[in-house]
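Chemist: Here is a sequence with its predicted model. Questions after.
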Amino acid sequence: MNLEKSRNAEYKKSAALLSLLVGLDADAEEKIYRCFQNMGIDDFFLK
């Protein structure tokens, strides 16, 4: 698995967990996932 696929998998897992914990729907989960992608890896783990 390359770095890009691995990074996106982590974003997806994190978005799914966050939406589950907060009780959000699939649409909100997708928005969170896209937000994580836009932030980039540096900001993802530091903020």
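Modeler: Ah, there it is.
Chemist: Can you give me the pLDDT of residue 1?
Modeler: Looking at residue 1, its pLDDT is 61.
Chemist: again, but for residue 45
Modeler: Note on residue 45: pLDDT of 60.
Chemist: likewise residue 27?
Modeler: Confidence at residue 27, expressed as pLDDT, is 95.
Chemist: Secondary structure element holding it?
Modeler: Taking DSSP states H and E as the definition, residue 27 sits inside helix 26-46.
Chemist: residue contacts, residue 18?
Modeler: Residue 18 makes contact with 24, 29, 32, according to C-beta atoms under 8 Å, 6 or more residues apart in numbering. Where you see a C-beta, it was placed from the backbone N, CA and C, and this is true even at glycine.
Chemist: rerun at 7 Å
Modeler: residue 32 (C-beta atoms under 7 Å, 6 or more residues apart in numbering).
Chemist: Poorly predicted segments of this structure, please.
Modeler: Applying pLDDT under 70 to the chain flags the ranges 1, 41-47.
Chemist: Report the central residue of this protein.
Modeler: By C-alpha atoms, centre = their mean, the mean C-alpha position of the chain lies nearest to residue 11, the distance being 3.0 Å.
Chemist: Now do the contacts for that one.
Modeler: With contacts taken as C-beta under 7 Å, 6+ apart, residue 11 has the following neighbours: 33, 36-37.
Chemist: What's the ChimeraX syntax to select whichever of those are buried?
Modeler: Burial among those is assessed by 16 or more other C-beta atoms under 10 Å; the matching ChimeraX selection reads:
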select :33,36
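Chemist: Same list as before, the contacts of residue 11 that is, but in CSV and with distance to residue 18 included.
Modeler: Shown next, in CSV, are the contacts of residue 11 (distance: C-beta to C-beta, whole Å):
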residue, distance to residue 18
33, 10
36, 9
37, 14
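Chemist: and which of the contacts of residue 11 is nearest residue 3?
Modeler: residue 37 (13.7 Å; C-beta to C-beta).
Chemist: Distance check, that closest one against residue 23.
Modeler: Look at residue 37 and residue 23: by C-beta to C-beta, to the nearest Å, they are 23 Å apart.
Chemist: residues of the host helix or strand of residue 21 that come out buried?
Modeler: Residue 21 belongs to helix 3-22 when assigned by DSSP H and E. For helix 3-22, a neighbour-count test (16+ other C-beta under 10 Å) marks 11-12, 15, 19 as buried.
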